[in-house]
Structure formats: C-alpha cells, structure tokens
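Colleague: Below is the sequence, then the predicted model.
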Amino acid sequence: MKKIIIAIDGWSSCGKSTLAKQLAKKLNYTYIDSGAMYRAITLFFIRNNVNWNNEEEVSRSLQQISLSFKNNTATGQSEIYLNDENVESFIRELSVAQKVSDVSTIKAVREYAVREQQKMGDGKGIVMDGRDIGTTVFPNAELKIFMDADNEVRAQRRFKEMQVKNPAVTIEEVKDNLSTRDYIDSHREISPLKKADDAIVIDNTHLTPEGQLELALQYVSKTVTAL
C-alpha cells in the first residue's frame, strides 16, 4: 500500500495523540507528536531560566536543543528525547502545560519546530498530530483530520490524565488551562489553530477509541485508493 502523510489537528484533549498512535501502529507508520516537541522546548526553557521574551536568548537556546523520538520497546510507544534525555513524563506536568502555549507562539520556536517536523516527513509514512500540521507543516498532506469534542468531555479526559501525575490538581485548574490554551492557540499571530479547508472533522465526544480508529481507517483507505 502506498504510504502517505496523515496530519491530525484539533483542540487540546480531543484525542489527537490517541488516534495518531492508533493509526501509526495499525499502518506501521511513524508517529510524531508535534505537541511533545513544543513541550520539550518549553521544558528546556523552564529548566534553564530562559527569558522567552528575549529574541536573542531564545535563538541562542534553540541552538542548544536536539529533539528526537525513540520507540519504547516495552510499551511500543514513541517517546521524545531532549538532548538524549527521555523527558516524556516531565513534559506532561502542569508547569509545562501552563507555559507551552506562550512558548509556541514565538516565531523562532515555531520556525525551528516546523523545520524539524518537515524533515521527519520526507519519507512519507508518518502520522503527525498538533495544531498547525495540516495548515502549516504539511499543507499538501494526503489526509488531514481535525479532531473535536465537547468541552466538558475534554476537561474530564485531561483531568483523569493529570490526576495520575498530580493528585492535587483540581478540575477547575484543568478547565482554566484548557480554555486559556484554546484561546492562545487559536488567536496567535503565527500558525493559529484552525481547520484546514480540506480536513475531515471527527467529533469523538461519543466515540470509543476503537470507534474513532475504525472511522479514521475508512478515510485512510479511501484516500490511498484515490491516489
């Protein structure tokens, strides 16, 4: 079967990563979590006290960052490495979640990340999820999917995910974080979150992970058959 690029965009906690991982595993594609890349950059900035309002400091810091994805043989999942350190768990912390939208609005940061992402797509056969994949990173992707879900459902999903790492987190904190990120992501000047004109919308408010995978695989099959 001919390999394609599958771009998945959408709001936070809409199941983008879940679907992308499912598709990658089923199709034997490479999964690239673009959001993890921005989170890893944010983590580096926080750890090194980088003033991201200072352009020179940001540019200098980006030159010190190396990002890569490696497959965890135990789980079968792709995990992100920051300068050869596995930071998969660290980038999911609330401290990073609260800052990542601010960092990802920076022009130099987005240009750096987009360049790295586009290199990863040179050989096709990838599934990448994020907020500007179908509009900026891969505007010519053969299949573009835009994920959506009810706001309350999204908040509950993120709350359960974060409670595992931080039992003290409240649902109100999670809701505030989601609404803030949604606003920043959709109103930023550079590559704002929006649905590509040719993207297929999947609302998974009432879908199971298995149900959304089955639906997405139908779109993949139609796309490849039409090539």
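Modeller: Right, received. Where do you want to start?
Colleague: ok, the residue lying closest to Asn28 once chain neighbours are set aside to Tyr29 distance?
Modeller: Nearest residue to Asn28, sequence neighbours excluded (C-beta to C-beta, 6 or more residues apart in numbering): Gly125, at 7.9 Å. C-betas here are computed from N, CA, C, even on glycine. Distance from Gly125 to Tyr29, counting by C-beta to C-beta, to the nearest Å: 5 Å.
Colleague: Also Thr208?
Modeller: Here Thr208 is placed at a distance of 22 Å from Tyr29 (C-beta to C-beta).
Colleague: same question, Trp11
Modeller: From Trp11 to Tyr29 the distance is 23 Å (C-beta to C-beta).
Colleague: for Pro209, same thing?
Modeller: 17 Å.
Colleague: re earlier: wouldn't the residue nearest to Asn28 be in contact with Lys2 here?
Modeller: No: at 9.4 Å, Gly125 does not count as touching Lys2 under the criterion of C-beta atoms under 8 Å.
Colleague: Which of those two has more residues huddled nearby?
Modeller: Taking neighbours as other C-beta atoms under 10 Å, Gly125 and Lys2 compare with Gly125 leading, 16 against 10.
Colleague: what's near enough to touch that one?
Modeller: Residues in contact with Gly125, defined by C-beta atoms under 8 Å, 6 or more residues apart in numbering, are 3-4, 27-30.
Colleague: Next, format those residues as JSON lines and append distance to Glu172.
Modeller: JSON lines is the format used below for the contacts of Gly125 (distance: C-beta to C-beta, whole Å):
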{"residue": "Lys3", "distance to Glu172": "44"}
{"residue": "Ile4", "distance to Glu172": "41"}
{"residue": "Leu27", "distance to Glu172": "39"}
{"residue": "Asn28", "distance to Glu172": "42"}
{"residue": "Tyr29", "distance to Glu172": "38"}
{"residue": "Thr30", "distance to Glu172": "37"}
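Colleague: In strands only, show me those.
Modeller: Among the contacts of Gly125, the members falling in strands (DSSP state E) are Thr30.
Colleague: for this structure, what spans make up the helices?
Modeller: With helices called from DSSP state H, the chain shows them at 16-27, 34-47, 55-62, 94-97, 100-104, 107-120, 151-165, 171-187, 209-226.
Colleague: Turn these into a markdown table, columns for mean pLDDT, distance to Val87 and mean neighbour count.
Modeller: Converted to a markdown table, the helices of the chain look like this (pLDDT from 0 to 100; distance: least, C-beta to C-beta, whole Å; neighbours: other C-beta atoms under 10 Å):
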| stretch | mean pLDDT | distance to Val87 | mean neighbour count |
| --- | --- | --- | --- |
| helix 16-27 | 92 | 16 | 20 |
| helix 34-47 | 96 | 6 | 23 |
| helix 55-62 | 97 | 15 | 15 |
| helix 94-97 | 91 | 9 | 17 |
| helix 100-104 | 92 | 13 | 22 |
| helix 107-120 | 93 | 15 | 17 |
| helix 151-165 | 91 | 13 | 16 |
| helix 171-187 | 91 | 20 | 16 |
| helix 209-226 | 96 | 25 | 14 |
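Colleague: Many thanks, have a good one.
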